[in-house]
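1. please find the sequence and the predicted model below.
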Amino acid sequence: MKFAVIVFPGSNCDVDMYHAVRDILEEEVEYVWHTETDLSAYDALLLPGGFSYGDYLRGGAIARFAPVMEAVKEAAERGTFVLGVCNGFQILLEAGLLPGAMRRNNSLKFRCFHTPLEVVNTDTPFTSHYMEGEVIFIPIAHGEGNYYCDPATLAELEQNRQIVFRYKENPNGSVGDIAGIINKAGNVLGMMPHPERAVEDLLGSRDGLRLFTSILQAWRGSHVTV
Amino acid sequence: MYRFKIFVILKKGVLDPQGQAVKKSLHALGYQEVQEVKVGKYMEVDLEAESVDVARERVKHMCDKLLANPVIEEYRIEQAEFEPVEG
């Protein structure tokens, strides 16, 4: 399986993402620059955290118009797995690949610590290796992670089981304690917490690793190996 | 050349943590009469166009596309006097 880590000017969790896939998951992975327009060679696209284009206007607002984002949209429509973490999640929201928007944390503080998450839906390619209702510890690191959507969208998310992770101790004010959501088709996941920073004991938690092994299993399930 | 002022503000009903923090500070300073504070963004865009109507339409598109996020923000556009800057 071949992963791509999309690198925008200002990405700063790209190396963490690369490390998680290459060294811990032991799968093939490449950095892909934001000017790339063809992503057909990759089976999963990872949009890392950071501050793309400095987040000068709003988190993810400028990255949304990077040349690579057209290719990300096309790949998402083809069914390629897309994971956006933190700034990557903000970019997916701004690009309209997921519904909603991010506001400043209600505390106005940059929040950075391990936080408990409830795995709400294990029926996705990203979460099959978790148990429904399981509480996992994943670090967050963001100032603008206060997820918002209107009540109608929230009802729709709940109805379609698109809420994948919820905060147990909401650190930012997100509507419905939402920490991560998936698109209707089930192949695009956005989350504020950083699973790639919880893949080995050295990092204080390995709870993020199963997200990557879930992707791998989902991909293997749809590709017969010879 | 035309100049437009753009005001971007969170929609009514969307929590504005910055506005609330500023309101608290104003109360702490003794301005108890303050009921509500909203913090938004102010931008000026100078552009060339064949007419003011075309210019305004272009600026509106810019707001819809990039300058505001319609999920949480609303915007207001005002035309301003354009003053060329020397140098």
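-> On my side now, so go ahead. Numbers count the residues shown, from 1 in each chain, chains lettered A, B, ... in the order given.
2. for residue 36, give me its contacts.
-> Chain wasn't specified; assuming chain A. A:67-68, A:71 (CB atoms under 8 Å, 6 or more residues apart in numbering or on different chains). Where C-beta positions appear, they are placed from N, C-alpha and C, glycine not excepted.
3. sorry, I should have been clearer: chain B.
-> With CB under 8 Å, 6+ apart, B:E36 has these contacts: B:19, B:23.
4. chain A versus that one, what's the distance?
-> 17 Å (CB to the nearest CB, to the nearest Å).
5. can I assume that residue sits in a strand?
-> No. Counting by DSSP: H, G, I helix; E, B strand; the rest coil, one finds B:E36 to be coil, located in no strand.
6. all strands for the chain, in order.
-> Going with chain A. A:2-7, A:28-33, A:44-47, A:81-85, A:101-103, A:111-119, A:135-142, A:146-148, A:163-167, A:178-182, A:188-191 (DSSP state E).
7. wrong one, I was asking about chain B
-> Using DSSP E, strands in chain B cover B:2-10, B:41-47, B:73-80.
8. chain center to the last one: distance?
-> On the basis of CA atoms, centre = their mean, to the nearest Å, the separation between the geometric centre of strand B:73-80 and that of its chain is 6 Å.
9. what about A:N183, neighbour count?
-> By other CB atoms under 10 Å in any protein chain shown, 17 other residues sit near A:N183.
10. ugh, typo on my part, it should be B:E57
-> Based on other CB under 10 Å, the number of other residues close to B:E57 is 12.
11. and the nearest residue to A:V119 once chain neighbours are set aside, what does it touch?
-> Setting aside the residues directly before and after it, A:V119 is nearest to A:Y130 in space (CB to CB, 6 or more residues apart in numbering or on different chains), at 4.2 Å. Residues near A:Y130 by CB under 8 Å, 6+ apart: A:119, A:122, A:136, A:210-211, A:214.
12. apply 6 Å and report the result again.
-> A:Y130 makes contacts with A:119, A:122, A:210, as judged by CB atoms under 6 Å, 6 or more residues apart in numbering or on different chains.
13. please report how far B:Y31 lies from chain A.
-> B:Y31 is 20 Å from chain A, by CB to the nearest CB.
14. residue ranges with poor pLDDT in the chain?
-> The chain I'm using is chain A. Chain A contains residues with pLDDT under 70 at A:224-226.
15. ah, no, chain B please
-> In chain B (pLDDT under 70), the answer is B:87.
16. residues from it in reach of chain A?
-> By the rule CB under 6 Å from any CB of the partner chain, the part of chain B lying against chain A is B:17, B:21, B:69, B:71-72.
17. quick one: which two of these are the most distant?
-> Greatest spatial distance among those (CB to CB): B:A21 and B:V71, at 22.2 Å.
18. hmm, back to that, return the most buried member of the strands of chain B.
-> Ranked by mean neighbour count under mean count of other CB atoms under 10 Å in any protein chain shown, the strands of chain B are led by strand B:2-10, which reaches a mean of 18.
19. so which of B:A21 and B:V71 has more stuff around it?
-> B:V71 (19 against 16).
20. excluding its backbone neighbours, what's nearest the more buried one?
-> Counting by CB to CB, 6+ apart, the residue nearest B:V71 is A:A101, at 3.8 Å.
21. list the contacts of the one you found.
-> Contacts of A:A101 by CB under 6 Å, 6+ apart are A:93, A:148, B:69, B:71-72.
22. that's all I had, so thanks and see you.
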